[in-house]
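Student: Any chance you can model this:
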Amino acid sequence: VAAMAAPPKIKFYTHTACPYAQRVWIALEATGLQFEKVDVNLYGYGGFDKARLKQVEVAGGLSARGYIPVVSIGDEVIRESSVCVERVAKLSTQASNAASLLPEQPPVADELIALCNALPKSSSSRQLDELLQKANTACSKHRFLAGESFSIADACLLPFLQRVDIPASATHLHAYMSRAHKLPAFSTTIVSSWWWWW
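Tutor: Numbers count the residues shown, from 1 in each chain. Take a look at the predicted model:
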């Protein structure tokens, strides 16, 4: 019997207040994959700062931007939160000890993530109203946003849903958020001081 290859080492470069980085943190927690979390000092020098993050990006073949989140999986370095979440989801299907993040309803997941990614930097907008309506509808049909199990849709939307006022009429979405707050993969990532988004 051939031995399985060791899983690649995962490093997650983050700032805990960032909703985009929180997406990836949730995904990693939900899969159960082992990872090293590296907090990046975005506002000065010292510790693991933006200059060091840029070195990681360049070593991985990316242009140096110094933005979070960044994930390294073995020699592969990726950024952009939804891309990182999708890569973690793919990795979760390849590891025998990981929970899969693949959605049972891929078109629903794709639509919700695209709507979330296109939100303007405002606490109220037509786009946010549409996202909340569609998320509420999705939760009326399933336990999670894209099926009966936690998926990339949940990992990508939860950081933003926690930062907005959900209308009282969105009863299914309120029930979903109540369930989500009980999930360690989400509750572990909630910090007392966080950024809106930009």
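
Student: any idea which helix or strand carries S72?
Tutor: In this structure, S72 sits in strand 70-73 according to DSSP states H and E.

Student: Revised request: answer the last question for Y20.
Tutor: helix 19-31.

Student: Each with direction, which strands does the helix or strand just after that helix pair with?
Tutor: As assigned by DSSP H and E, the chain's next helix or strand after helix 19-31 is strand 36-39. The strands that strand 36-39 pairs with in its sheet are strand 10-14 (parallel) (by DSSP bridges).

Student: looking at this protein, which helix or strand does the model trust least?
Tutor: helix 50-59 (a mean of 88; mean pLDDT, DSSP states H and E).

Student: mind checking how far that helix is from the chain centre?
Tutor: Helix 50-59 sits 21 Å away from the centroid of its parent chain (C-alpha atoms, centre = their mean, to the nearest Å).

Student: And stretch 177-191, by the same measure?
Tutor: The answer for stretch 177-191 is 13 Å, by C-alpha atoms, centre = their mean.

Student: in it, what counts as buried?
Tutor: Using 16 or more other C-beta atoms under 10 Å as the test for burial, stretch 177-191 gives 177, 180, 183, 185-186, 189. The C-beta positions use only the backbone N, C-alpha and C, and glycine is treated the same way.

Student: now it: mean pLDDT?
Tutor: For stretch 177-191, mean pLDDT rounds to 95.
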